[in-house]
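Student: The following comprises the amino acid sequence and a computationally predicted model.
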Amino acid sequence: MLFCSGALLGAEPFATADEARAMLERAVAALKDNEADALKAFNDEKNKQFRDRDLYVYCFSMTDGKFTAYQEPFLLGADIRKLKLYGEPMGQQAFDLAHDAPAGSLATIAYKLPKPGTNTPSPKEALQTRVGDQACGVAYFK
């Protein structure tokens with residue numbers, strides 16, 4: 001209990017690049033171990049291993065581009081290639097990067113999105129990799 005309360009008191013409001021990278025590494029290990037269980041864990045809002053403050057794991061299928069894991073359940077099954085942010089084809093860019101990169105390589109995607117509780121776009125970066133038929137990433141505010 002002391003660990004939890006100390007972590008909450010000292011926790012930064014937004015995660016760091018190192019924390020995003022560590023979460024992505026955990027996600028890759030989970031996918032390699034058991035893809036179905038990993039995707040279920042990524043979609044579990046109570047799973048703190050794959051959801052921490054503003055961090056969460058997103059994944060999409062390389063065969064059809066559909067989200068298989070995302071923080072917001074309403075996007076599950078949606079095609080990432082159709083996702084646009086501020087008119088920019090961010091989803092197509094994410095799909096193309098994963099499609100063209102060797103499995104296991106790390107790609108970064110810079111974009112802007114408002115921080116929770118704001119309306120002003122802030123710089124954000126997604127770290128993304130491909131494991132088998134899944135492309136997964138974790139994004140953090142810069």
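Tutor: That came through, no problem.

Student: Of all the strand elements in this protein, which one is longest?
Tutor: Longest strand in the chain by number of residues, with DSSP state E as the criterion: strand 121-131.

Student: mind checking which helix or strand of the protein has the lowest mean pLDDT?
Tutor: Taking mean pLDDT, DSSP states H and E as the measure, the helix or strand of the chain with the lowest value is helix 2-10, at a mean of 39.

Student: Just after that helix, pick out the following helix or strand.
Tutor: Next helix or strand after helix 2-10 toward the C-terminus (DSSP states H and E): helix 17-33.

Student: Just name whatever secondary elements that following helix is in contact with.
Tutor: In this structure, helix 17-33 packs against helix 35-43, strand 55-61, strand 121-131, strand 134-141, with contacts taken as 3 or more Cβ pairs under 8 Å, 6 or more residues apart in numbering; DSSP states H and E. All C-beta atoms are positioned from the backbone trio N, CA, C, and that covers glycine.

Student: Not counting its own residues, what contacts it?
Tutor: Applying Cβ atoms under 8 Å, 6 or more residues apart in numbering, the contact partners of helix 17-33 are 15, 37-39, 41-42, 49-50, 52, 55, 57, 59, 104, 125, 127-129, 131-132, 134, 136-140, 142.

Student: how many degrees apart are the longest strand of the chain and strand 134-141 in direction?
Tutor: For the pair strand 121-131 and strand 134-141, the angle between their directions (axes from the mean of the first three to the mean of the last three Cα atoms, to 10 degrees) equals 150 degrees.

Student: Just the residues contacting strand 121-131, thanks.
Tutor: Outside strand 121-131, the residues that touch it by Cβ under 8 Å, 6+ apart are 17, 20-21, 24, 28, 31-32, 62, 86, 94, 97-98, 101-115, 135-142.
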